[in-house]
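Undergrad: model this:
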Amino acid sequence: MAKILITGGAGFIGSHVAEYYAKKREEVVVLDNLCRAKLLGKSEKNADYNWNYLKQYKNISLIKGDIRNLELLSQACRNAHIIVHAAAQTAVTSSLSDPWCDFSVNALGSFTLLEAVRRVKIRPVIIYCSTNKVYGENVNKIGVIQEDSRYRFQKGYENGIPENFDIDLCEHTPYGCSKLTGDLYMQEYARVFGLKIGIFRMSCIYGTRQFGVEDQGWLAWFAIATILNKPITIYGNGKQVRDVLYITDLVEAYDAFIRSDLPHGVFNIGGGPGKTLSLLESLNLIEEITGKRPRLKFSEWRLTDQRVYISNISKVKKELNWNPRIDPKKGLGKLLDWVDKNKGIFE
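TA: Next up, the predicted model:
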């Protein structure tokens, strides 16, 4: 039986990873400080939902604690075979209003984890949850063509952004900087100290048990707002495009790296060019599934918002023998059904 430590395990991604390995009868340890609501400046009524959800699994241990605590992390890392580092401050807007918190959680927290791992005898495999925001404003330097409901990249980037895309000489926002700091430290510790680390630069991940808000988790927020008849504000013209990836496909990619012979790797991951949605198209798809369309208003573009971001997933497909399986209509259907059945936790 392997021991799996998941930081941020009560969050959307972390809780799905925890459940995945719990069902495989592994020993799972979830570490979370349950402060997502505070970080986002939102209501705390949903803060404990995934935490309590995971209590149904007898092989999951729950530890309330902070990844910036080296002593606590060192104890949690002891005898761990796998660590999935999902703990993070996740919103660009929060990084602008409180950059100290953003840096200390994302950059210092990731460094603290690496130092804890470096000091233990058993060297675990590490999965680092990175982000497409490491590429910053450079993505917007790619020419785009405006169509009726979306933007698309000009010729040369039809397959999306590759892992060697430039990260320098551009705006990132504090969030992009702090996540990139963790990303680079993970790469360095893999090479210098021989740690097996998979770095996944994620695009739009969505699925059940995701408490999306306007600032973060936009596809889940659109689903929640539609079911609860809440208004939606679109920043920009709504033609922004992202590749979308259902949560179970992401977890399978993590597991594929863990089981692989690769010593380390950096992977752009999302639905890829075959699974993309613009904001407007996602609302059309939600309406097709539910028959409902929320009230919309439009506002100014947000700082460094990428007109188009699509992951080039050719590397992760080839090296990990992985493919995204859930199409957006099926995935959104699952998400909408979950929201509809659990309306009470949002109201």
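Undergrad: ranges for the strands of the stretch 101-250 of the chain?
TA: Assigned by DSSP state E, counting those that start in this stretch, the stretch 101-250 of the chain shows strands spanning 125-131, 144-146, 151-153, 197-202, 204-206, 232-235, 241-246.
Undergrad: out of those strands, which is closest to residue 11?
TA: Nearest of those to residue 11, taken as CB to CB: strand 125-131 at 9.4 Å. The way it works is simple: take the backbone N, C-alpha and C, and place the C-beta from them, glycine included.
Undergrad: quick one: low-confidence ranges for this protein?
TA: The model of the chain has pLDDT under 70 over residues 37-45.
Undergrad: so which elements touch the longest helix along it?
TA: Using DSSP state H, we find that the single longest helix of the chain is helix 173-193. Helices and strands touching helix 173-193, by 3 or more CB pairs under 8 Å, 6 or more residues apart in numbering; DSSP states H and E, are helix 92-97, helix 99-103, helix 109-118, strand 125-131, strand 197-202, strand 264-269.
Undergrad: out of the ones you listed, which is closest to residue 313?
TA: Between residue 313 and the helices and strands packed on helix 173-193, the shortest gap by CB to CB is with strand 264-269, which sits at 6.3 Å.
Undergrad: direction included, what does the helix or strand just after the closest one pair against?
TA: Tracing the chain C-terminally past strand 264-269 and defining elements by DSSP states H and E, one meets strand 276-278 next. Strand 276-278 sits in its sheet next to strand 241-246 (antiparallel), going by DSSP bridges.
Undergrad: ok, back up a step: let's have the strands of the stretch 101-250 of the chain in TSV, adding mean neighbour count and distance to residue 33.
TA: Formatted as TSV, the strands of the stretch 101-250 of the chain follow (neighbours: other CB atoms under 10 Å; distance: least, CB to CB, whole Å):
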stretch	mean neighbour count	distance to residue 33
strand 125-131	25	16
strand 144-146	14	39
strand 151-153	19	38
strand 197-202	24	21
strand 204-206	26	21
strand 232-235	16	29
strand 241-246	25	26
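Undergrad: got TSV for those strands, with distance to residue 290 too?
TA: What follows is the strands of the stretch 101-250 of the chain, written out as TSV (distance: least, CB to CB, whole Å):
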stretch	distance to residue 290
strand 125-131	29
strand 144-146	28
strand 151-153	26
strand 197-202	26
strand 204-206	16
strand 232-235	14
strand 241-246	17
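Undergrad: ok, which of the ones you listed comes nearest residue 260?
TA: It's strand 197-202; of the strands of the stretch 101-250 of the chain, that one is closest to residue 260 (CB to CB) at 8.3 Å.
Undergrad: residues in contact with that closest one?
TA: Residues lying outside strand 197-202 but in contact with it, judged by CB atoms under 8 Å, 6 or more residues apart in numbering, are 125-132, 134, 163, 183, 186-187, 189-190, 245, 250, 253-254, 257-258, 262, 264-270, 311.
Undergrad: ok, which stretches of the chain are helices?
TA: Remark: helices assigned in the chain by DSSP H are 12-23, 36-40, 49-53, 70-77, 92-97, 99-103, 109-118, 173-193, 218-227, 247-259, 279-290, 314-320, 328-341.
Undergrad: next, format those as CSV and append distance to residue 145 and mean neighbour count.
TA: Formatted as CSV, those follow (distance: least, CB to CB, whole Å; neighbours: other CB atoms under 10 Å):
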stretch, distance to residue 145, mean neighbour count
helix 12-23, 32, 23
helix 36-40, 34, 19
helix 49-53, 40, 16
helix 70-77, 47, 18
helix 92-97, 25, 18
helix 99-103, 34, 17
helix 109-118, 37, 22
helix 173-193, 25, 20
helix 218-227, 22, 23
helix 247-259, 28, 20
helix 279-290, 16, 18
helix 314-320, 22, 17
helix 328-341, 21, 18
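Undergrad: with distance to residue 203 added, can I get those helices in a markdown table?
TA: As requested, those are arranged in a markdown table below (distance: least, CB to CB, whole Å):
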| stretch | distance to residue 203 |
| --- | --- |
| helix 12-23 | 13 |
| helix 36-40 | 20 |
| helix 49-53 | 22 |
| helix 70-77 | 28 |
| helix 92-97 | 15 |
| helix 99-103 | 20 |
| helix 109-118 | 20 |
| helix 173-193 | 13 |
| helix 218-227 | 11 |
| helix 247-259 | 10 |
| helix 279-290 | 14 |
| helix 314-320 | 12 |
| helix 328-341 | 12 |
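Undergrad: closest to residue 4 out of those helices?
TA: When the helices of the chain are compared by CB to CB, helix 12-23 sits nearest residue 4, at 4.8 Å.
Undergrad: picking up where we left off before, nearest to residue 109, out of the strands of the stretch 101-250 of the chain?
TA: Nearest of those to residue 109, taken as CB to CB: strand 125-131 at 11.3 Å.
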